[in-house]
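>>> Predicted coordinates and the sequence they were generated for:
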Amino acid sequence: MKRVLVTGAAGRIGSAVVTELLGRGVEVTALVLPGTEAPVQGVRLVEGDASDPVSCREALAGADGVVHLAALPAPNRGTPYEVFGGNTMATFTLLEEAGVAGVRNAVLASSYAANGLPFATQPRSPDYVPVDVDLPSQAADPYALSKQTDELTAAMMARRHGMSVIALRYPFVGGLEDRLLPRAQQIAADPAAGAADLWSYLDTRDAARAAVLALQASGTHVFHVAAPRTLAPYPTLELVRRFHPTTQLRAELPGRTTPLDLTAAERILGFSAEYELTLERRTC
């Protein structure tokens with residue numbers, strides 16, 4: 001691809017995606033909210049909102065790919081109407097304008113939280129592990145519902161415009177030192193803190209690489225992407241039995257294996273995480 005539009009380009013994953021694309025010789029347009037600085041030098045900067053068709057049309061000029069990362073990333077980042085309405089309208093508007101503009105490849109950030117576990121007001125357990133994209137959702141918050149809707153929108157836009165649209169279900173994402181190490185320390189002291197996330201995570205650099213690989217894929221897919229081992233220094237099987245005793249085990253989970261099904265991303269995208277936090281193994 002010659003030019004890719006990245007929305008939410010100043011965010012944690014967005015700035016890493018911009019850096020990854022520039023490193024591969026791809027020109028980048030960054031769509032950011034008014035008053036936001038460019039994530040890095042060397043990008044074409046467009047100020048606007050992804051839910052605004054005019055902003056999207058301007059940002060899409062010359063683009064042959066889109067990575068859509070702009071969103072309110074949790075149910076407490078606005079009112080329920082702002083979180084659900086804002087997230088879903090931005091995805092609909094951007095993909096509609098991209099399809100009209102002839103863009104053939106789009107990637108959007110979905111979330112592991114689409115299953116409804118991370119932001120549930122009461123602890124919930126998945127029906128089974130490893131969790132795959134067919135797991136019945138227990139969504140009871142506007143963010144989870146917005147991500148489910150985004151995935152449905154992606155499939156519809158693919159049919160409507162003949163696009164390839166890939167949705168990546170990201171887990172807890174961060175840099176090794178700034179977010180992942182403190183999170184690992186928290187989980188080591190209290191493994192219940194990571195139970196809703198199934199102790200999964202992904203380094204920001206891997207999150208960006210997954211998005212760039214997804215730009216090259218064909219068809220319409222939803223993938224879980226995560227590090228192959230958890231942020232917990234405890235055996236995964238012990239954690240699941242302790243914190244999710246009603247969850248069905250559909251596969252062996254040796255060592256610290258992340259209880260998410262990562263095989264589809266490995267098979268279709270050729271993606272596997274390269275950056276992992278080294279942890280000393282303990283027992284619960």
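In hand now; what should we look at?

>>> and A30, what does it touch?
Shown in contact with A30 (C-beta atoms under 8 Å, 6 or more residues apart in numbering): L5, V6, A9, A10, G14, V18, A38, P39, V43, R44, L45, V46. Any C-beta I mention is one placed from the backbone N, CA and C, and that applies to glycine too.

>>> Who wins on neighbours among those?
Within those, most neighbours by other C-beta atoms under 10 Å means V6, with 32 neighbours.

>>> element containing that residue?
According to DSSP states H and E, V6 maps onto strand 3-7.

>>> List of residues touching whichever helix or strand comes after that strand?
Helices and strands here follow DSSP H and E; after strand 3-7, the next one along the chain is helix 12-23. By C-beta under 8 Å, 6+ apart, the residues outside helix 12-23 that reach it are 4, 6-9, 28, 30, 39-40, 42-43, 67, 69-70, 109, 170, 173-174, 204-205, 207-209, 211-212.

>>> where in the stretch 151-284 of the chain is pLDDT low?
Within the stretch 151-284 of the chain, the ranges that satisfy pLDDT under 70 run 283-284.

>>> For the residue positioned nearest the centre of the chain, give the beta-bridge partners.
Closest to where the C-alpha atoms of the chain average out (C-alpha atoms, centre = their mean) is Y170, at 3.0 Å. Beta-bridge pairing of Y170 under DSSP bridges involves S111.

>>> right, and it touches V107 too?
No: using C-beta atoms under 8 Å, Y170 makes no contact with V107, being 11.4 Å away.

>>> now the strands: where do they sit in the stretch 1-150 of the chain?
Using DSSP state E, counting those that start in this stretch, the strands of the stretch 1-150 of the chain run over 3-7, 27-32, 44-47, 65-68, 105-111, 128-129.

>>> Which one of these lies nearest to S218?
strand 105-111 (8.4 Å; C-beta to C-beta).

>>> Taking helix 12-23 as reference, get the angle to that closest one.
Counting by axes from the mean of the first three to the mean of the last three C-alpha atoms, to 10 degrees, strand 105-111 lies at 150 degrees to helix 12-23.

>>> how distant is strand 105-111 from the center of its chain?
Relative to its parent chain, strand 105-111 has a centroid offset of 7 Å by C-alpha atoms, centre = their mean, to the nearest Å.

>>> looking just at contacts, which helices and strands does that strand meet?
Packing contacts for strand 105-111, counted by 3 or more C-beta pairs under 8 Å, 6 or more residues apart in numbering; DSSP states H and E, involve strand 65-68, helix 80-100, helix 142-161, strand 164-170, helix 204-214.

>>> Who does the first one pair with, and is each partner parallel or antiparallel?
This points to strand 65-68. According to DSSP bridges, strand 65-68 has these partners: strand 3-7 (parallel), strand 105-111 (parallel).

>>> Compare the helices and strands packed on strand 105-111 and report which one is nearest to E252.
strand 164-170 (22.4 Å).

>>> Report the inter-axis angle for the closest one versus helix 80-100.
Here strand 164-170 points in a direction 150 degrees away from that of helix 80-100 (the same axes, to 10 degrees).
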